[in-house]
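Trainee: here's a sequence, model it:
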Amino acid sequence: MIKKDDIINLIKTCYDPEIPIDLWNLGLIYKIKINQKQKNVTILMTLTTPGCGMATYIADDVKQKILTIDEIVEVIVDITFDPAWSPKMMTDEGKTKLGFKPKNTEKNWE
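Mentor: Down below sits the predicted model:
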């Protein structure tokens, strides 16, 4: 069985090359959809800026790491800019790593 927590843990090993925070804690992951029957995962995510030249690199990194889960045969990464990313989307852990004071009221966008 494909577990969402396993996917999240792998996403936490994927980083925006320009910011030393993982994609999950940056709040860039909007949705994780698991299809157990077809053994695939669809990730809906964003980037910190629409003009990010690293979009392909970041999406490929997410795909390759999630594909290390034996049960998964396909990973689809869709990138959206609706809603546009803002620092408010970061988890409290991400905010702390960047030196912001977390409010402890933020939830992940998923």
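Trainee: any idea of the pLDDT on residue 67?
Mentor: For residue 67, the pLDDT comes out at 98.
Trainee: with residue 106 instead?
Mentor: Note on residue 106: pLDDT of 49.
Trainee: can you map out the helices along the chain?
Mentor: 4-11, 23-26, 55-66, 92-97 (DSSP state H).
Trainee: all strands of this structure, in order?
Mentor: 29-35, 40-45, 74-79 (DSSP state E).
Trainee: most tightly surrounded among the helices of the chain?
Mentor: Among the helices of the chain, helix 23-26 has the highest mean neighbour count (mean count of other Cβ atoms under 10 Å), at a mean of 24. Using the backbone N, CA and C atoms, a C-beta is placed for each residue, glycine as well.
Trainee: so where's the chain uncertain?
Mentor: The chain contains residues with pLDDT under 70 at 102-110.
Trainee: which residue sits farthest out from the middle of it?
Mentor: No residue in the chain sits farther from the centre than residue 37, which is 22.8 Å out by Cα atoms, centre = their mean.
Trainee: from residue 2, how far off is that one?
Mentor: Residue 37 sits 10 Å away from residue 2, going by Cβ to Cβ, to the nearest Å.
Trainee: same deal with residue 86?
Mentor: For residue 86, the distance to residue 2 - Cβ to Cβ - is 30 Å.
Trainee: and for residue 67?
Mentor: For residue 67, the distance to residue 2 - Cβ to Cβ - is 12 Å.
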